[in-house]
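> Predicted model follows, preceded by the sequence.
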Amino acid sequence: MVLIGGGIMSATLGILLKQVEPTWSIAVYERLPELAGEASAAWHNAGTGHAGLCELNYTSESPDGTVDIAKALRVNEQFQLSRQLWASLVDAEILGKPQEFINPVPHMTFVRGARDVEYLRRRHRAMSDNVLFGAMQFSEDPEVIEEWAPLLLRGRAKDEPIAATRDITGSDVDFGALTRQLFAHLRTVGVDVYTRHEVRGLRRNNDGSWKLRIVATDDTDDRISSKVDAKFVFAGAGGWALKLLQKAGIPEARGYGLLPVSGRFLRCDNPAVIERHEAKVYGKAPVGAPPMSMPHLDTRVVDGRRTILFGPYAGTSPRFLKNGSRFDALASLRPHNLIPLARMAMGNLPLIWLLVTQLAATRRKKLSALREFFPAAVADEWTWITAGQRAQIVKADPRKGGILEFGTEVVASGDGSIAAVLGASPGASTAPAILLEVLNRCFPHYRALWAPRLRELMPTLGRDLADDEVLARRTMIRTAEILGLTALGAG
């Protein structure tokens with residue numbers, strides 16, 4: 001087995017494979033000098049344990065005013081599997097102390113204006129009836145909201161209609177620390193993990209396996225090329241995965257393109273500000289913006305230190321990775337994805353314009369977005385950091401020619417010998433669920449054999465927590481206790 005990319009996806013798949021088939025040979029190749037150096041790195045993402053608690057893009061409003069929570073339920077169920085896997089690995093001492101990679105941080109949604117206040121009320125009513133969101137509270141009382149998140153009210157006009165929901169079962173995740181711990185264990189069980197190794201070529205062997213051409217660089221930038229054979233290849237390399245699928249030439253990758261999206265955050269390390277905020281507060285994204293552009297004011301816990309991030313400020317870039325090439329987007333163009341990309345762009349002109357204008361926005365304009373959340377923010381207390389690069393999926397569509405997909409998608413060859421994960425959020429938060437799909441699609445004959453061990457790791461696998469209140473409460477309490485999270489509302 002060859003896993004390409006040193007991020008959370010390859011680390012999680014490596015763990016799952018070694019748990020079900022400990023004798024299989026696995027090698028991991030990462031092109032950077034360090035693991036978790038791209039989107040998995042702590043400061044390259046907001047660290048939100050995406051569970052559908054606070055993100056408005058997971059709940060849609062119907063014309064009759066009802067709120068559809070189906071996507072939020074699906075994301076929450078997937079995150080519950082993540083929590084279960086991590087808890088099992090902590091129990092087995094494969095992972096270290098949970099607080100090194102996950103910490104309890106309430107998740108909030110904050111809105112302004114009478115219409116959005118009414119929408120949030122209906123959203124809360126629809127969600128809080130389900131056991132998975134039973135801890136969610138709603139308020140439009142400024143005093144209550146100030147108690148939950150004081151920065152939101154400091155300096156705000158008293159006559160402005162506002163509302164918020166709060167769920168204290170939310171979490172902050174350092175995916176970089178988690179990834180490195182998973183790889184540290186994999187090395188102890190015989191997985192070969194190589195950094196500074198880039199897969200430059202892929203081609204089929206006569207027996208259906210793959211031959212990979214790998215270029216390694218050392219500290220002096222000398223390059224050594226080698227070839228490796230693999231019966232199974234997985235590309236968990238962010239936007240780079242599309243380039244690898246195109247090199248492989250599998251028909252299942254036809255029609256796929258990517259819209260690369262860059263991002264930046266504002267970061268505050270002032271203890272006087274940090275101590276007044278303990279929450280991940282999500283608001284509404286600008287009209288036409290991708291979900292990753294939802295503004296949020298986040299408590300982060302990295303290396304045991306708390307800080308606050310605000311953003312993201314999305315823009316466009318031709319790179320598929322933060323450490324990618326300016327020619328990534330151009331080099332990915334193929335006759336089969338030109339029409340989908342063109343039709344997507346024509347159908348999403350407000351989004352394209354937003355990404356371009358955000359690149360050109362002045363610092364003053366960007367600070368004004370922060371002050372919509374935190375009116376009393378002092379500019380000198382915030383510094384810029386660059387987020388990881390995201391690549392949103394563009395795919396062929398029979399009706400529209402090409403569509404933009406938000407989320408994460410598995411692309412696999414028909415024979416299951418190669419697979420990749422494309423897309424962005426919720427991504428890392430739901431990595432186990434995504435990679436279970438990879439296992440099911442690429443190793444269908446092993447499904448029954450592996451099922452008992454996978455259920456030991458994730459006890460509710462294959463069951464619907466949203467419809468089983470007793471099981472949901474018991475499971476949420478157990479994982480919360482092991483991971484040091486808040487279980488109030490689950491029992």
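Nice, I can see it.
> who's in contact with the residue nearest in space to the middle of the chain?
The chain has G427 as the residue nearest its centroid, 3.2 Å off, counting by Cα atoms, centre = their mean. G427 sits next to A39, T408, V421, I434 when contact means Cβ atoms under 8 Å, 6 or more residues apart in numbering. Where you see a C-beta, it was placed from the backbone N, CA and C, and this is true even at glycine.
> Taking those, please make a ChimeraX selection of just the buried ones.
Buried subset of the contacts of G427, written as a ChimeraX selection, criterion 16 or more other Cβ atoms under 10 Å:
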select :39,408,421,434
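> Tell me which of the contacts of G427 fall in helices.
I434 (DSSP state H).
> picking that back up, and the residue nearest to the centre of the chain, what are its phi and psi?
phi 40, psi -110 (degrees, to the nearest 10).
> where's it relative to M458, distance?
With distances taken as Cβ to Cβ, to the nearest Å, G427 is found 18 Å from M458.
> Ok, E143 next?
Using Cβ to Cβ, E143 is found at 41 Å from M458.
> ok, these two, which is more surrounded?
Set E143 next to M458 and count neighbours by other Cβ atoms under 10 Å: M458 wins out with 23 against 8.
> need the contact list for the more buried one.
Neighbouring residues of M458 by Cβ under 8 Å, 6+ apart: L81, Q84, L85, S88, P432.
> before we move on, back to that, CSV please, covering the contacts of G427 and showing distance to A345 and pLDDT.
Converted to CSV, the contacts of G427 look like this (distance: Cβ to Cβ, whole Å; pLDDT from 0 to 100):
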residue, distance to A345, pLDDT
A39, 24, 93
T408, 22, 91
V421, 24, 96
I434, 27, 97
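> Looking at the contacts of G427, which is nearest P335?
Distance to P335 across these (Cβ to Cβ) is lowest for V421, with 24.6 Å.
> shouldn't the closest one be in contact with L242?
No: using Cβ atoms under 8 Å, V421 makes no contact with L242, being 10.5 Å away.
> Next, give phi and psi for I145.
phi -60, psi -40.
> number of nearby residues for it?
By other Cβ under 10 Å, 21 other residues sit near I145.
> Was I right to think T307 contacts R267?
Yes: using Cβ under 8 Å, T307 makes contact with R267 at a distance of 6.1 Å.
> can you give me the mean pLDDT across the biggest helix by length in the chain?
Ranked by residue count and defined by DSSP H, the top helix of the chain is helix 70-91. The average of the pLDDT scores along helix 70-91 is 97.
> Same question for stretch 385-404.
For stretch 385-404, the mean per-residue pLDDT is 91.
> how about it: buried residues?
Within stretch 385-404, the residues that count as buried by 16+ other Cβ under 10 Å are 387-397, 402-404.
> how far does it sit from the chain's center?
On the basis of Cα atoms, centre = their mean, to the nearest Å, stretch 385-404 is displaced by 15 Å from the centre of the chain it belongs to.
> right, and the helix or strand after the helix or strand of the chain with the lowest mean pLDDT?
Across the helices and strands of the chain, mean pLDDT, DSSP states H and E gives its lowest value to helix 349-360, namely a mean of 76. Counting by DSSP states H and E, the element after helix 349-360 in chain order, helix or strand, is helix 363-373.
> And that next one, what does it pack against?
Judged by 3 or more Cβ pairs under 8 Å, 6 or more residues apart in numbering; DSSP states H and E, the packing partners of helix 363-373 are strand 257-268, strand 305-316.
> So which of these is the most surrounded?
Of those, the one with the most neighbours on average (mean count of other Cβ atoms under 10 Å) is strand 257-268, at a mean of 22.
> Give the pairing partners of it; include direction for each.
Applying DSSP bridges, strand 257-268 is found paired with strand 305-316 (antiparallel), strand 383-386 (antiparallel), strand 390-397 (antiparallel).
> Export the ones you listed to a markdown table and append columns for distance to I4.
A markdown table is the format used below for those (distance: least, Cβ to Cβ, whole Å):
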| stretch | distance to I4 |
| --- | --- |
| strand 305-316 | 25 |
| strand 383-386 | 24 |
| strand 390-397 | 15 |
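> out of those, nearest to I15?
Set against I15 and scored by Cβ to Cβ, the strands paired with strand 257-268 come closest in strand 390-397, at 24.1 Å.
> contacts for the helix or strand following that closest one?
Per DSSP H and E, the first helix or strand lying C-terminal to strand 390-397 is strand 401-405. Under the criterion Cβ under 8 Å, 6+ apart, residues 257, 259, 290, 339-344, 347-348, 351, 392-397, 423 lie in contact with strand 401-405.
> Direction included, what does strand 401-405 pair up with?
Here strand 401-405 has these sheet partners by DSSP bridges: strand 390-397 (antiparallel).
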